[in-house]
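In: how would this look folded up:
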Amino acid sequence: MTTPELEPGTFLITSGMDDRARASCKALPRADGNAHPIFAFIAALGGMGTSIAALCELCGSSIEAGPVLASTRIRWLAPMTVDSEYGVEARIVDTVAKQSRRFGKAIHARIRFTVLHGETECAEVDIHMILPERESDDER
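Out: Next comes the predicted model:
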């Protein structure tokens, strides 16, 4: 299968967003201009130029089928600062159809996001999603 690039997008991390994220997890207040590390993940998903529903469709499933986030791996490559806008590039790395007791027929999709500030790569976020396959008209 070809691995399509998804539409690029952007994400703005404001100081208010960072303050709320830190308060929600009882993290220390920001001592410098750096955003909480969770913003690598938030920016990746929030800033991709494709909706989660469209991503499910590209993988052969639907949002209504109930996608599951199976795992996440984050590589922090450079600090991310508040009150800065980040570019987000994403691509479907691969999809594999599998049968399981829990999901029945499901597509396992691996997606890679790159979060950039200008030309600087700040983070790589890899996610593994399990997407129940759409039922064909014959199966309904």
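In: drop to CA atoms for contacts and neighbour counts, all remaining ones
Out: OK.
In: Where is the longest strand in the chain?
Out: What stands out as the longest strand in the chain, according to DSSP state E, is strand 84-100.
In: Contacts for that strand next, please.
Out: Identification of contacts with strand 84-100 by CA atoms under 8 Å, 6 or more residues apart in numbering yields 1, 3-14, 43-44, 47-49, 59, 105-118.
In: Output the lowest mean pLDDT helix or strand found in this protein.
Out: helix 52-58 (a mean of 91; mean pLDDT, DSSP states H and E).
In: Within the helices and strands, which one has the residue most central in space within the chain?
Out: Among the residues of the chain, the one closest to the centroid is residue 45, at 3.5 Å (CA atoms, centre = their mean). Residue 45 is located in helix 39-47, with elements delineated by DSSP states H and E.
In: If you tally nearby residues, what's the number for the closest residue to residue 65 other than its chain neighbours?
Out: Nearest residue to residue 65, sequence neighbours excluded (CA to CA, 6 or more residues apart in numbering): residue 132, at 5.8 Å. A count of nearby residues for residue 132, using other CA atoms under 10 Å, gives 27.
In: Run through the residues that contact residue 22.
Out: 28, 29, 36.
In: Show the residue spans covered by the strands in the chain.
Out: Using DSSP E, the strands of the chain run over 9-13, 68-76, 84-100, 104-117, 120-132.
In: so how far is the longest one from its chain's centroid?
Out: I take that to be strand 84-100. 7 Å (CA atoms, centre = their mean, to the nearest Å).
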